[in-house]
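when you get a sec, could you give me coordinates for this:
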Amino acid sequence: MKRPASPGAPPPPTGTTMRSVAEHTTSALTAVALLTLVFIVGFLVSHAAASPALASAMPAIYAGLIASSLVLVRQWKKDWSTRRAGQAGAVHRAFRDPVTQLLNAEGFAEALARHAAPGDEAEESLAILCVSLDRLKDIYGRLGESCGDEVLRDLGARLVSAFGDDAPVGRIGEDMLAVFHPASSGIKLALVGGQINRLMDLPVATPGGDVIVPSTIGVNFVDLPVTAPRDAIRQARLANAAARTSGSGLAFFDASLDHAQRLQMDLEIELRQALQAGGLQMVYQPQINETGETIGVEALMRWPHPTRGQISPAVFVPMAEAAGLGEILGRYAMDRSFADSALWPGLKIAINVSPVQLRSTTFIATVKALLARHGVKAQTFEFEITEGMLLEADATVLGNLEQLRKMGFQIALDDFGTGYSSLSYLGRFPIDKIKIDRAFVTPLGLRNDAASIIRAISDLSEALGVKVLAEGVETRSQLDILRAEGCNQAQGYLIGRPMPPDQITDLVSASPGDSRNARSQAA
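Residues are numbered from 1 along each chain as shown. Next up is the predicted model:
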């Protein structure tokens, strides 16, 4: 087994480094030999006059020295040519993608910076087209790296053939190609983009069968000369992201996209600061049973920004996960919820858990440390997971769910019916509660089949031995139908809006009858 190098040790020589050292050594020796020959010739010439024997031998010596010099000169020229070729190869490798041999991100930026209008043509701007290959990662995962590389090479070759052999086509990301094209009207570029999309949509033959890789294109117009090529490429990628978000095949960059990205970057920085300073708040939405008694609350996070107002969790939670803050955000929610739970010893606290947390190998250790820190019991809490998380569950996720169950936590399946759940999933995973999504609650009393769906879910939960709770209950009529169809736990604006901890304390201190009367009046 290789021993790790010490922190201060230089890196071990690579094959390229050793070849370079050998080439320079050979060249240096050749130069030394030539200088030695020159010295010998000078020495012999200076002593030939004083030695007749040496003078008579000089023609033969000269011939030998000339022949040796020619050999050394040829060797020196060969070494010089080899070194120049090696340098050119190194430059080529530095600017080329090793899989496709297209320009890499650095090479594409350099080509963009060097581009100028040819001849006397009045080319004052050009268009950068970023082409994302939207299913390429799935193909790599399903068919393997070798097959994925072949598909990528095929798609890259199509783009080169469409724009000509000298086209500046690059691979600027794992699943993104790019090309720049003489600028014209937006309509013409849209037509070009449509042609590229159709070209990419053609099937690619693989050992596993034909595959289709749909594409999305972002276009950015830039003036010549391009003084900031990397920024121009970034803007084209922003246009590509906008096209993917909107579901269209093509989008053009405009300043609003740049503003939106800068705003997101600012929000990420401010979110980090809010997490460090305790600027996020926890609110709790009450849950009731069939008698109207508050039996639990769902912990929800809010971000009251000091200058931007309330920022929705639908904005900052995905942003946190994209910025690598998912685990920190989840720990923050658990820490606050565990601390607040001491105020309501009789309530079950439901906490949402993200896929990022459940995929973490340190998640269980974090949970145990927080339980010990706050002196609370796992039986007080349930963790809510989504159906999509079950579909993507790997060994780490399953192991973490099992560990949570063994510790005493309950597991609730959130937004039931809107994802990929099936009887096989519900049988395989440790689920204690099903939460019916509001999409099935809202139509109650409005559609004839709505109550039947609730009855089916209630029967399913009873057969599986799990509890069932309905979300999004907003009217007394919905609550009555839910109870009639076997769903006895509910949550929603009729029951109570998300509220700070002190209001939950006031709510649970009231008698169940008083709580029911207050809710009836609110309804």
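
helix/strand/coil for residue 99?
coil (DSSP: H, G, I helix; E, B strand; the rest coil).

for the stretch 201-350 of the chain, which spans come out with low pLDDT?
Scanning the stretch 201-350 of the chain for pLDDT under 70 picks out nothing.

what segments of it are strands?
215-223, 250-252, 281-288, 294-305, 309-311, 348-352 (DSSP state E, counting those that start in this stretch).

with distance to residue 507 and mean neighbour count added, can I get those in a markdown table?
Where C-beta positions appear, they are placed from N, C-alpha and C, glycine not excepted. As requested, these are exported to a markdown table (distance: least, CB to CB, whole Å; neighbours: other CB atoms under 10 Å):
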| stretch | distance to residue 507 | mean neighbour count |
| --- | --- | --- |
| strand 215-223 | 49 | 23 |
| strand 250-252 | 48 | 22 |
| strand 281-288 | 6 | 21 |
| strand 294-305 | 6 | 20 |
| strand 309-311 | 22 | 12 |
| strand 348-352 | 14 | 21 |
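
mind checking the ones you listed for the one nearest to residue 500?
Proximity to residue 500 (CB to CB) singles out strand 281-288 among those, at 5.8 Å.

what's near enough to touch the closest residue in space to residue 290 that isn't next to it in sequence?
For residue 290, ignoring the flanking residues on the chain, the nearest one in space by CB to CB, 6 or more residues apart in numbering is residue 488 at 3.8 Å. Going by CB atoms under 8 Å, 6 or more residues apart in numbering, residue 488 touches 289-290, 468, 482.

got a quick ChimeraX command for the buried subset of those residues?
To isolate the buried ones among the contacts of residue 488 in ChimeraX, judged by 16 or more other CB atoms under 10 Å, type:
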select :468,482
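
from the contacts of residue 488, pick the one nearest residue 323.
Using CB to CB, the contacts of residue 488 come closest to residue 323 at residue 468, 35.6 Å.

by contact count, what packs against the helix or strand in which that closest one is found?
Residue 468 belongs to strand 467-470 when assigned by DSSP states H and E. On a contact count with 3 or more CB pairs under 8 Å, 6 or more residues apart in numbering; DSSP states H and E, strand 467-470 meets strand 433-436, helix 450-464, strand 489-491.

was I right about residue 383 contacting residue 407?
No. If you go by CB atoms under 8 Å, residue 383 and residue 407 don't touch, sitting 10.5 Å apart.

which one of the two is surrounded by more residues?
Neighbours around residue 383 and residue 407, counted as other CB atoms under 10 Å, are more numerous at residue 383. The numbers are 24 against 15.

which of the helices and strands in the protein ranks last by mean pLDDT?
helix 512-522 (a mean of 43; mean pLDDT, DSSP states H and E).

residue 447: neighbour count?
When neighbours are counted by other CB under 10 Å, residue 447 registers 11.

for residue 292, same thing?
19.

can you check residue 70 too?
Residue 70, neighbours per other CB under 10 Å, totals 10.

after whichever strand or helix holds it comes which helix or strand?
Taking DSSP H and E as the definition, residue 70 sits inside helix 52-94. Using DSSP H and E, the helix or strand that directly follows helix 52-94 along the chain is helix 105-114.

so where's the stretch 51-200 of the chain shaky on pLDDT?
For the stretch 51-200 of the chain (pLDDT under 70), the answer is 51-69, 71-73, 75-76, 78-93, 116-123, 165-166.

try the stretch 401-523 of the chain
For the stretch 401-523 of the chain, the ranges with pLDDT under 70 are 418-425, 427-428, 511-523.

and with 90 instead?
414-431, 445-449, 460-461, 463-465, 508-523 (pLDDT under 90).

quickly list what residue 180 is bridged to.
With beta bridges defined as DSSP bridges, residue 180 has these partners: residue 128.

right, and it touches residue 127 too?
Yes. With contacts counted by CB under 8 Å, residue 180 reaches residue 127, the gap being 6.6 Å.

and residue 386, backbone torsions?
Main-chain torsions, residue 386, degrees, to the nearest 10: phi -100, psi 160.

okay, it: pLDDT?
pLDDT recorded at residue 386 is 84.

which non-adjacent residue is nearest it?
Among residues not flanking residue 386 along the chain, residue 414 sits closest, at 5.4 Å (CB to CB, 6+ apart).

what number of residues are in the vicinity of that neighbour?
With other CB under 10 Å as criterion, residue 414 counts 23.

wait, isn't it in contact with residue 383?
No. Assessed by CB under 8 Å, residue 414 is found out of contact with residue 383, at 9.7 Å.

overlap of the contact sets of those two?
residue 352.

where's residue 158, which helix or strand?
helix 145-163.

looking at the contacts of residue 488, spot the one nearest residue 341.
For the contacts of residue 488, the residue nearest residue 341 by CB to CB is residue 289; the value is 18.8 Å.

one step back: in TSV: the helices and strands packed on strand 467-470, plus mean neighbour count and distance to residue 276.
What follows is the helices and strands packed on strand 467-470, written out as TSV (neighbours: other CB atoms under 10 Å; distance: least, CB to CB, whole Å):
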stretch	mean neighbour count	distance to residue 276
strand 433-436	24	32
helix 450-464	16	41
strand 489-491	23	32
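
nearest to residue 294, of the ones you listed?
strand 489-491 (10.3 Å).

elements contacting the helix or strand following that closest one?
Counting by DSSP H and E, the next helix or strand C-terminal to strand 489-491 is helix 501-509. Under the contact criterion of 3+ CB pairs under 8 Å, 6+ apart, helix 501-509 touches strand 281-288, strand 294-305.

just the CA trace of helix 501-509, in CSV.
The C-alpha coordinates for helix 501-509 follow below in CSV (Å, rounded to 0.1, in the frame of the first residue of the first chain):
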residue,chain,number,x,y,z
PRO,A,501,-44.3,29.2,20.4
ASP,A,502,-46.1,31.4,23.0
GLN,A,503,-49.4,31.2,21.1
ILE,A,504,-49.1,27.4,21.0
THR,A,505,-48.7,27.5,24.8
ASP,A,506,-51.9,29.5,25.1
LEU,A,507,-53.7,27.1,22.8
VAL,A,508,-52.8,23.9,24.6
SER,A,509,-53.6,25.5,28.0
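
check which residues of that helix are buried.
Neighbour-count burial for helix 501-509 flags 501, 504, 507-508 (criterion: 16+ other CB under 10 Å).

same thing with stretch 141-154?
143, 147-148, 150-154.

just those residues now: which is nearest residue 262?
Closest to residue 262, out of all of those and judged by CB to CB, is residue 152, at 31.8 Å.

tell me how many other residues crowd residue 256.
10.

what's in contact with stretch 368-387?
Outside stretch 368-387, the residues that reach it (CB under 8 Å, 6+ apart) are 296, 298, 331, 334-335, 337-339, 341-342, 345, 347-353, 355, 358, 401, 404, 407-416, 418-421, 425, 432-433, 435.

before we move on, back to that, ok, the contacts of residue 488 vs residue 195, which is closest?
Distances from residue 195 to the contacts of residue 488, taken by CB to CB, are shortest for residue 468, at 52.8 Å.

and the closest residue in space to that closest one that isn't next to it in sequence, how far from residue 361?
Spatial nearest neighbour of residue 468, excluding adjacent residues (CB to CB, 6+ apart): residue 461 at 4.1 Å. Separation of residue 461 from residue 361 (CB to CB, to the nearest Å): 32 Å.

cool, residue 156 as well?
Relative to residue 361, and taking CB to CB, residue 156 is found at 37 Å.

in terms of neighbours, single out the busier of those two.
Neighbour count, other CB under 10 Å: between residue 156 and residue 361, residue 156 has more, with 21 against 9.

which non-adjacent residue is nearest the more buried one?
Nearest one to residue 156, counting by CB to CB, 6+ apart, is residue 100 at 4.3 Å.

if I read this right, the one you found contacts residue 174, doesn't it?
No. Contact criterion CB under 8 Å: residue 100 and residue 174 do not qualify, at 11.6 Å.

which residue is nearest the centroid of this structure?
Closest residue to the average C-alpha location of the chain: residue 322 at 6.6 Å, with CA atoms, centre = their mean.
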